[in-house]
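> Next one to model:
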Amino acid sequence: MTRLLHLTDLHFGLHRVELVEPLRAAILANQPDLVVVSGDLTHRARAGQFRAAMQFLNGLGLPLMIIPGNHDMPLFNPFARFLSPFGRYRRAVGRDLTPQVALGAVRLFGVNTADPQQWRGGVARKEEIERVCQAVRAGPDGGLNILVAHHPFAEPPGFERGETAGAQIATEKLAAAGLNVILSGHLHHWTVGLGIDATSVRPVLHIQTGTALCSRIGEKNHGFAVIDASVGQIAVTPWVIDEARTVFAPQARVAFQGVDGLWQRVALA
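This next block holds a predicted model:
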């Protein structure tokens, strides 16, 4: 069993300062094999915000997989946004915008959905999707293949805004190639197993995690997801802030089983 911790939408620069240390403590308490960070490390892609984000993440002392989000590109500097949209990100985080990580039978593939030509929306780039499809098809049979993206590839009820151009076609291609799971953020909203229940099945399991730290007015989905994964089995535990105690606490665990290439929700023993 591999333990992943999905962290997204930190928004350093517009973050809840009082949650930083409780978040650190909760992450360390879970002892994940890998912390997966799916973008929006910063709020305005400023150098100081990247320094604060990476000081926090590197200070965990845990293996990291990080991809950019739309907030990790400059907003108010149009020259930087279009000539070098990920320059500050690369200097602070690393040059690779589409990392890959293998943990035994679990393989994770990062894609960069942030689009300099849009502010909010994203794009599933054809060349990146094809690269992931080829890697999945070429990989060992019987593994668990996970895509990590900032923007969602499927939108829950109330969020049907077409946030990610090309997402539907990309999802179909990825599923045909053998992709199993998509992790995403961006919406600051929890959706675990969109469209999947005890009777409804899907070939791809979508896990959308709420914002970790963003302090925008109305935000209430602060937390992260702990994902215990093995081939054909996944259990997701949302950890959500308990405002009264200012600690992150585990919520009900949700389990899924893959049968004949389809995911279904199952009862916990």
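> Going by C-alpha atoms from here, please, whenever you check contacts or count neighbours.
Noted.
> For residue 120, grab the count of nearby residues.
For residue 120, the neighbour count with other Cα atoms under 10 Å is 15.
> got it, and residue 216?
Residue 216 - counted by other Cα under 10 Å - has 11 other residues nearby.
> residues touching residue 93, list them.
50, 54, 66 (Cα atoms under 8 Å, 6 or more residues apart in numbering).
> I'd like these written out as TSV, with neighbour count, secondary structure and distance to residue 116 added.
Output for the contacts of residue 93, formatted as TSV (neighbours: other Cα atoms under 10 Å; DSSP: H, G, I helix; E, B strand; the rest coil; distance: Cα to Cα, whole Å):
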residue	neighbour count	secondary structure	distance to residue 116
50	24	helix	18
54	17	helix	22
66	25	strand	19
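> Now flag whichever of the residues you listed is closest to residue 106.
If you rank the contacts of residue 93 by distance to residue 106 using Cα to Cα, residue 66 comes first, at 16.6 Å.
> That closest one and residue 100 touch, don't they?
No. Using Cα atoms under 8 Å as the test, residue 66 is too far from residue 100 to be in contact (9.8 Å).
> contacting residues for residue 60?
24, 28.
> Can you give me the distance of it to residue 236?
Distance check for residue 60 against residue 236: by Cα to Cα, to the nearest Å, it reads 21 Å.
> Residue 130 too?
Counting by Cα to Cα - residue 130 and residue 236 are separated by 28 Å.
> So between those two, which is more surrounded?
residue 236 (23 against 15).
> which residues touch the more buried one?
192, 225-228, 253-255.
> worst-scoring helix or strand of the chain, pLDDT-wise?
Across the helices and strands of the chain, the lowest-confidence element by mean pLDDT, DSSP states H and E is helix 78-83, at a mean of 82.
> Flag every buried residue along the following helix or strand past that one.
Where DSSP states H and E defines the elements, the next helix or strand beyond helix 78-83 is helix 87-92. The neighbour-count check on helix 87-92 (16 or more other Cα atoms under 10 Å) flags 87-89, 92 as buried.
> Dump the C-alpha coordinates for helix 87-92 into PDB.
Extracted in PDB, the C-alpha atoms of helix 87-92 (Å, rounded to 0.1, in the frame of the first residue of the first chain):
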ATOM      1  CA  GLY A  87      10.200  31.700 -15.000                       C
ATOM      2  CA  ARG A  88       9.600  32.500 -11.400                       C
ATOM      3  CA  TYR A  89       8.100  29.000 -10.800                       C
ATOM      4  CA  ARG A  90      11.100  27.300 -12.400                       C
ATOM      5  CA  ARG A  91      13.600  29.300 -10.300                       C
ATOM      6  CA  ALA A  92      11.800  28.600  -7.100                       C
END
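> helices and strands around that helix, which ones?
helix 47-59 (3 or more Cα pairs under 8 Å, 6 or more residues apart in numbering; DSSP states H and E).
> buried residues in the helix it packs on?
Neighbour-count burial for helix 47-59 [16+ other Cα under 10 Å]: 49-51, 53-54, 56-57.
> a markdown table please, covering those residues and showing pLDDT and distance to residue 204.
Formatted as a markdown table, the buried residues of helix 47-59 follow (pLDDT from 0 to 100; distance: Cα to Cα, whole Å):
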| residue | pLDDT | distance to residue 204 |
| --- | --- | --- |
| 49 | 98 | 34 |
| 50 | 98 | 32 |
| 51 | 98 | 35 |
| 53 | 98 | 31 |
| 54 | 98 | 31 |
| 56 | 98 | 32 |
| 57 | 98 | 29 |
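> Quick check: of these, which lies closest to residue 112?
Closest to residue 112, out of all of the buried residues of helix 47-59 and judged by Cα to Cα, is residue 50, at 17.4 Å.
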